[in-house]
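Student: Sequence first, then the predicted structure, then my questions.
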Amino acid sequence: MKKIATFLFFAFLTLLTNAQIKMGAECMEQYLPLLKGKKVAVCGNHTSMVENTHLVDTLLASGVNVVAIFCPEHGFRGEAEAGAHIKSSVDAKTGLPIISLYGSNRKPKAEQLAGIDIILFDIQDVGCRFYTYISTLHYVMEAAAENHVIVAILDRPNPNGYFVDGPVLEPKYKSFIGMHPVPVVHGMTIAEYGMMINAEGWLSTGPMSCDLRIFTMEGYNHSMRYHLPKAPSPNLQSDEAIYLYPSLCLFEGTLISVGRGTDKPFEVYGHPELTGGDYYFTPQPIRGVSENPPLKGQRCRGYQLTDLARARYDSTNSFSLEFVTNAYRQFPRKSAFFERAEVFDKLAGTATLRQQIIAGKTEQEIRDSWQPALDSFKAKRALYLLYPLNDTTPKQPNDIYPEEIIEHDN
């Protein structure tokens, strides 16, 4: 009963928080003047909503000349599982061409941007370095800079935006699941992150080379716990999964299942050979979610973390290593645990973490090793924050970023 009461209490507070926030996409009076007389592309997916209507439909109804749609991993309607090949197609509702930015075409080509004046980027992120929507943002900005196209980001909350944690990516481990020297949990909204990409010179075209416009939210601060009204991808179906995702995603570089092919992906972990845990699950194909899950058809022993996530949601601001270190201790074939070591190192952003786990280092010893780089990132992050860290009066965005690229309340 106590667990239920606690869950309902935080659910109620989350709903109140959501009601306070006005998304960047909903502040249409701010960005519609920029679109007047322009050919507009939307980089979005199923989360690109203006209240209960998709952004593309809203723009067309407002007379905006939308000429193309770009979509990231999981597709425009969010129906594809992680890693699935996304084909370019046509939106059945509007007849607009949909250009996939996942698979072989991660960066818009010059011919795909021909005639486009502005790209509106509006995608719900979850605040983790290896969640590929921020990699898509990077390539959109880079291509736009090369082809003299404006990028306008319509900002949305970061459900993991209230803390910063994890090892900072080392340059040699750069990949599509980690493109920038940031920690696993970066604590920034998608617009703040885009500003950092631009100003830090991470685009191949050089610092400040993208003509970037930012349309901020109203009523948001970084201490808020935000409930995503739509699952951002097929295997992140709950607040608990989104909270656990930064920690559990490391298992994708091991033999351990994170519950793909069950009704609780990223809320559980296990393996048939694990020697601990009192929770059992058997991954099975789920169409459009996980059609060939790891350990398909095998009964896994492990842990369900749903209640733990709820208990910690309001009190623990950390990227946790306890799950992966616990699983390593309980896995009998130590040499096989990191079978996908290359993937694990890319997710961690370093080979050091894997080596430390194998060496039996404590979590505190591991944390101490990444603290200097993490502290340096936190200082850098402070330069790009558009919203207060709590509910105090925010700094004015123009005080921390050039006025010409901030579209805010006038």
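Tutor: Sure, I can see it. Numbering: from 1, shown residues only.

Student: Output stretch 210-229 as CSV, nothing but the C-alphas.
Tutor: Taking Å, rounded to 0.1, in the frame of the first residue of the first chain, the C-alpha atoms of stretch 210-229 are listed here in CSV:
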residue,chain,number,x,y,z
CYS,A,210,25.2,26.8,-38.2
ASP,A,211,22.6,29.5,-38.3
LEU,A,212,20.8,28.3,-35.2
ARG,A,213,17.6,29.7,-33.8
ILE,A,214,16.3,28.6,-30.4
PHE,A,215,12.7,28.7,-29.3
THR,A,216,12.5,28.1,-25.6
MET,A,217,9.8,26.6,-23.3
GLU,A,218,7.9,28.5,-20.7
GLY,A,219,7.6,27.3,-17.1
TYR,A,220,10.5,24.8,-17.2
ASN,A,221,13.4,24.4,-14.8
HIS,A,222,16.0,21.7,-14.5
SER,A,223,14.8,20.3,-11.2
MET,A,224,11.4,19.3,-12.6
ARG,A,225,10.4,15.7,-13.0
TYR,A,226,8.7,15.5,-16.4
HIS,A,227,6.4,12.7,-17.6
LEU,A,228,6.7,12.0,-21.3
PRO,A,229,3.1,11.9,-22.7
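
Student: Next, the buried residues of it.
Tutor: Neighbour-count burial for stretch 210-229, counted by 16 or more other Cβ atoms under 10 Å, picks out 210-217, 220-228. No exception for glycine: its C-beta is placed from N, CA and C like everyone else's.

Student: try stretch 41-57
Tutor: Using 16+ other Cβ under 10 Å as the test for burial, stretch 41-57 gives 41-50, 54-57.

Student: Please report how far residue 304 lies from residue 358.
Tutor: Residue 304 sits 27 Å away from residue 358, going by Cβ to Cβ, to the nearest Å.

Student: Tell me how the chain divides into domains.
Tutor: 2-226+384-407, 239-373 (automatic domain parsing).

Student: do you know how far residue 97 is from residue 243?
Tutor: Using Cβ to Cβ, one obtains 37 Å as the distance from residue 97 to residue 243.

Student: neighbour count winner among the two?
Tutor: residue 243 (23 against 15; other Cβ atoms under 10 Å).

Student: Test my guess that the more buried one contacts residue 160.
Tutor: Yes - Residue 243 lies in contact with residue 160 (Cβ atoms under 8 Å); the separation is 7.1 Å.

Student: one step back: residue 304 and residue 358 - which one has more neighbours?
Tutor: residue 304 (20 against 13).

Student: Return the residues in contact with the more buried one.
Tutor: Going by Cβ atoms under 8 Å, 6 or more residues apart in numbering, residue 304 touches 264, 267, 268, 279.

Student: and the residue nearest to the last one when sequence neighbours are not counted, what are its bridge partners?
Tutor: Excluding the flanking residues, the one nearest residue 279 by Cβ to Cβ, 6 or more residues apart in numbering is residue 304, at 4.3 Å. According to DSSP bridges, the partner residues bridging residue 304 are residue 268.

Student: Residue 304 and residue 113: what is the separation?
Tutor: Residue 304 is 46 Å from residue 113, by Cβ to Cβ.

Student: ok, now which ones touch residue 190?
Tutor: Shown in contact with residue 190 (Cβ under 8 Å, 6+ apart): 121, 123, 125, 133, 134, 137, 153, 155, 156, 158.

Student: Give me the pLDDT value at it.
Tutor: pLDDT, residue 190: 98.

Student: Pop out the phi and psi values for it.
Tutor: Note on residue 190: its backbone torsions stand at phi -60, psi -30 [degrees, to the nearest 10].

Student: next one: residue 99
Tutor: phi -110, psi 120.

Student: Count the neighbours of it for me.
Tutor: Residue 99: 20 neighbours (other Cβ under 10 Å).

Student: in terms of contact, does it touch residue 69 like I think?
Tutor: Yes - counting by Cβ under 8 Å, residue 99 does reach residue 69; the two are 6.9 Å apart.

Student: Can you select the buried ones among the contacts of residue 304 for me in ChimeraX?
Tutor: Buried subset of the contacts of residue 304, written as a ChimeraX selection, criterion 16+ other Cβ under 10 Å:
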select :264,267,268,279
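
Student: Throw the contacts of residue 304 into JSON lines and include distance to residue 185 and pLDDT, thanks.
Tutor: Formatted as JSON lines, these follow (distance: Cβ to Cβ, whole Å; pLDDT from 0 to 100):
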{"residue": "264", "distance to residue 185": "21", "pLDDT": "97"}
{"residue": "267", "distance to residue 185": "18", "pLDDT": "97"}
{"residue": "268", "distance to residue 185": "21", "pLDDT": "98"}
{"residue": "279", "distance to residue 185": "25", "pLDDT": "98"}
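
Student: quick one: which of the contacts of residue 304 is nearest residue 318?
Tutor: Using Cβ to Cβ, residue 267 is the member of the contacts of residue 304 that lies nearest residue 318, at 17.7 Å.

Student: so what's the closest one up against?
Tutor: Residue 267 touches 238, 240, 241, 244, 259, 304, 305, 306, 309, counting by Cβ under 8 Å, 6+ apart.

Student: Please tell me how far the fourth one sits from residue 320.
Tutor: Noted for residue 244: a distance of 8 Å to residue 320, by Cβ to Cβ.

Student: Those two - which one has more neighbours?
Tutor: Neighbour tally, residue 244 and residue 320, criterion other Cβ under 10 Å: the higher count belongs to residue 244, 25 against 19.

Student: which residues touch the more buried one?
Tutor: Residue 244 neighbours (Cβ under 8 Å, 6+ apart): 266, 267, 305, 309.

Student: Correct me if wrong: residue 129 contacts residue 188.
Tutor: No - using Cβ under 8 Å, residue 129 makes no contact with residue 188, being 10.7 Å away.

Student: what residues are up against the nearest residue to residue 223 once chain neighbours are set aside?
Tutor: Nearest residue to residue 223 in three dimensions, chain neighbours excluded: residue 390, at 4.4 Å (Cβ to Cβ, 6+ apart). Applying Cβ under 8 Å, 6+ apart to residue 390 gives the contacts 221, 222, 223.

Student: any idea how far the second one lies from residue 358?
Tutor: What it means is residue 222. Note on residue 222: its distance to residue 358, by Cβ to Cβ, is 35 Å.

Student: again with the last one
Tutor: As for residue 223, its distance to residue 358 is 37 Å (criterion: Cβ to Cβ).

Student: got any ranges where the stretch 51-200 of the chain has weak pLDDT?
Tutor: Of all residues in the stretch 51-200 of the chain, those with pLDDT under 70 make up the ranges 73-75, 77-88.
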